[in-house]
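In: Kindly return the folded structure for what I paste below:
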Amino acid sequence: MATNSRSKQIRKNLIEHSRKIFEEQNRSQSGTGTLVAPISPTPREIIFAVLSELDKISPLHSSATMVDLGCGDGRWPIEFTARGSSRRAFGYDLDVDRLETGRAEAKARGLSGRVSLTAGDIFSLPDGGGGVVEDADLIVIYLFREAIRRLCGKFRPHQTVISVGFALPSPQWVPAWRKTVGGIHVYVYRCHDGSGTASKLEDGRCHLKEEDGNLASTA
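Out: Modelled structure (predicted):
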């Protein structure tokens, strides 16, 4: 019991520290966009573990596409693309230096033709009409809950959504499964139309229902 209490306190302290970093960076940000998360890259062991689990539980097709909203140095898009010869990935972030680091890694691994890392505000991306976010099979986010709430309306019925560190708002959203690596929780949501885990709204977007009994987490 004491161990659980300590773990919760450590997590609380880390979140508070991250928020302080976020606020400091947000005040000093001189670009046109607004920072929505601290610079805290996902540890690579988490990326390897989650993508490997995804391949086992709900594999994506060989030519699947991914979008990472707040990609940093592009480690999620790069690893995702490396796992399939026809896969493509797109990442968006405000930090141009980290984007350059990611582009260099993608080039070194022979993936620059299938990995696109772009500087931009994730809330200003085209919505609808066949945009990159709308067409993606997999979306990855590592953002504060406030930012997550703003993005939920962009998710579509055919998509799988991976959220690192923070769950999507409940009770509207319930993860299909989740994984904890190194104390960090990763939540995976399947928005596939017709699967029983999502309903398609009039505008084609995805919305999980609290009353659907088969939405219980498998974790």
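In: And the strands in this protein?
Out: Taking DSSP state E to define them, one finds strands in the chain at 65-69, 88-93, 115-119, 138-141, 160-164, 177-181, 184-190, 199-200, 206-207.
In: Below-threshold pLDDT in the protein: ranges please.
Out: Filtered on pLDDT under 70, the chain yields the residue ranges 1-4, 6-35, 38-39, 127-130, 192-219.
In: Identify the residue spatially nearest to residue 54, adjacent ones excluded.
Out: Excluding the flanking residues, the one nearest residue 54 by CB to CB, 6 or more residues apart in numbering is residue 188, at 6.8 Å. (C-beta placed from N, C-alpha, C; glycine too.)
In: so which of the strands of the chain comes closest to residue 42?
Out: The closest of the strands of the chain to residue 42 is strand 160-164. By CB to CB, the value is 5.4 Å.
In: sorry, back to before: output the strands of the chain as JSON lines; include the columns mean neighbour count and distance to residue 82.
Out: Below are those laid out as JSON lines (neighbours: other CB atoms under 10 Å; distance: least, CB to CB, whole Å):
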{"stretch": "strand 65-69", "mean neighbour count": "26", "distance to residue 82": "12"}
{"stretch": "strand 88-93", "mean neighbour count": "25", "distance to residue 82": "10"}
{"stretch": "strand 115-119", "mean neighbour count": "19", "distance to residue 82": "9"}
{"stretch": "strand 138-141", "mean neighbour count": "24", "distance to residue 82": "14"}
{"stretch": "strand 160-164", "mean neighbour count": "23", "distance to residue 82": "16"}
{"stretch": "strand 177-181", "mean neighbour count": "16", "distance to residue 82": "19"}
{"stretch": "strand 184-190", "mean neighbour count": "21", "distance to residue 82": "19"}
{"stretch": "strand 199-200", "mean neighbour count": "15", "distance to residue 82": "32"}
{"stretch": "strand 206-207", "mean neighbour count": "20", "distance to residue 82": "27"}
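In: export these to JSON lines and tack on distance to residue 109?
Out: Converted to JSON lines, the strands of the chain look like this (distance: least, CB to CB, whole Å):
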{"stretch": "strand 65-69", "distance to residue 109": "16"}
{"stretch": "strand 88-93", "distance to residue 109": "12"}
{"stretch": "strand 115-119", "distance to residue 109": "9"}
{"stretch": "strand 138-141", "distance to residue 109": "18"}
{"stretch": "strand 160-164", "distance to residue 109": "21"}
{"stretch": "strand 177-181", "distance to residue 109": "23"}
{"stretch": "strand 184-190", "distance to residue 109": "23"}
{"stretch": "strand 199-200", "distance to residue 109": "37"}
{"stretch": "strand 206-207", "distance to residue 109": "32"}
